[in-house]
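Student: please work out how this folds:
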Amino acid sequence: MHNFLFGLYPYIALSVLIIGSIARYERDPFTWKSSSSQLLRRKQLVVGSILFHVGVLVIFFGHLIGLLTPIWLFDALGIGHGTKQVLAVVAGGIAGVMALVGGGMLMHRRWTDPRIRRTSSFADNAILALLLAQLVLGLGTIFVSLQHLDGHEMTTFMAWALGIVTFQSGAADHIAGAALIFKLHIFLGLTIFLVFPFTRLVHILSGFSAPIRYLLRPGYQIVRTRRQKPLAASDTPKSTPAE
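Tutor: Here you go, the predicted model:
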């Protein structure tokens, strides 16, 4: 079971994430969005959304850089394993608390306002609950990490992540002895990747891809008028010949 959850399941989750996101964009591009309820309890939405999104982005890129940067590069830069772990605990802890408080505000807003609750789908509430559970697990791992500040445990997770993305056999063996809370944290994170294409989380990809699509779009931007009747011949602008 361990080899399946941490050796095979990551490939299943990442495959569904990539293929499912592409398929949804190609098949239902108009569902590639996050439904808005910003006219209702706007102040709580703004504060909660900023805390949640900033915290989640810091955590995401922190994990991305921390887990997928080769260990030898940190060694070459003179960053010790213990130093890296302390930095991850401090930065991740602050960002995690921010995201948890913001996410809690968003969940409270959804469940206590009948108008917002009626416009929220099961998927909207479920994915937010999963993210909050993942944040709680992530913050819980800090207490275990504080007992091992030599950085050894951090390097085992880096070896596992690099083993997965480089298709190394036996990658799951690196975390066989990890604490249960770490394994639950990894499993739930992979599960969030698995359901990603079927939830409102797809709007995250739009934020990263929008500038690229804008620069690379073919042709001109189409602007549609609200005018009901065509312009009369006398109203059409006439170009003057250059002198």
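Student: next SSE after the longest helix belonging to the chain?
Tutor: Identified as the longest helix of the chain according to DSSP state H is helix 81-112. Beyond helix 81-112 in the direction of the C-terminus, DSSP states H and E gives the next helix or strand as helix 114-119.
Student: average pLDDT for that following helix?
Tutor: Per-residue pLDDT values across helix 114-119 average out to 77.
Student: thinking again about what came up before, the longest helix of the chain: how far from the chain's middle?
Tutor: If you compare the mean C-alpha spot of helix 81-112 with that of the full chain, they lie 13 Å apart, counting by Cα atoms, centre = their mean, to the nearest Å.
Student: now stretch 66-76
Tutor: 22 Å.
Student: any weak-confidence spans in the protein?
Tutor: By pLDDT under 70, the weakly predicted segments of the chain are 29-42, 206-228, 230-243.
Student: tell me which stretches of it form helices.
Tutor: 2-3, 9-27, 42-68, 71-76, 81-112, 114-119, 122-145, 152-165, 180-195, 203-216.
Student: quick one, which of these gets closest to residue 172.
Tutor: Distances from residue 172 to each of the helices of the chain were compared using Cβ to Cβ; the shortest belongs to helix 2-3, at 4.9 Å. (Glycine included, C-beta is placed from N, CA and C.)
Student: turn the helices of the chain into TSV, including mean neighbour count and distance to residue 172.
Tutor: Output for the helices of the chain, formatted as TSV (neighbours: other Cβ atoms under 10 Å; distance: least, Cβ to Cβ, whole Å):
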stretch	mean neighbour count	distance to residue 172
helix 2-3	12	5
helix 9-27	15	9
helix 42-68	16	15
helix 71-76	12	18
helix 81-112	17	21
helix 114-119	12	41
helix 122-145	16	18
helix 152-165	18	7
helix 180-195	17	10
helix 203-216	10	28
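Student: which neighbouring elements make contact with the longest helix of the chain?
Tutor: Contact partners of helix 81-112 among helices and strands, from 3 or more Cβ pairs under 8 Å, 6 or more residues apart in numbering; DSSP states H and E: helix 42-68, helix 114-119, helix 122-145, helix 152-165.
Student: if we can go back for a sec, just send the helices of the chain back as JSON lines, with distance to residue 173 too.
Tutor: Putting the helices of the chain into JSON lines (distance: least, Cβ to Cβ, whole Å) gives the following:
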{"stretch": "helix 2-3", "distance to residue 173": "8"}
{"stretch": "helix 9-27", "distance to residue 173": "14"}
{"stretch": "helix 42-68", "distance to residue 173": "17"}
{"stretch": "helix 71-76", "distance to residue 173": "17"}
{"stretch": "helix 81-112", "distance to residue 173": "20"}
{"stretch": "helix 114-119", "distance to residue 173": "46"}
{"stretch": "helix 122-145", "distance to residue 173": "20"}
{"stretch": "helix 152-165", "distance to residue 173": "9"}
{"stretch": "helix 180-195", "distance to residue 173": "13"}
{"stretch": "helix 203-216", "distance to residue 173": "32"}
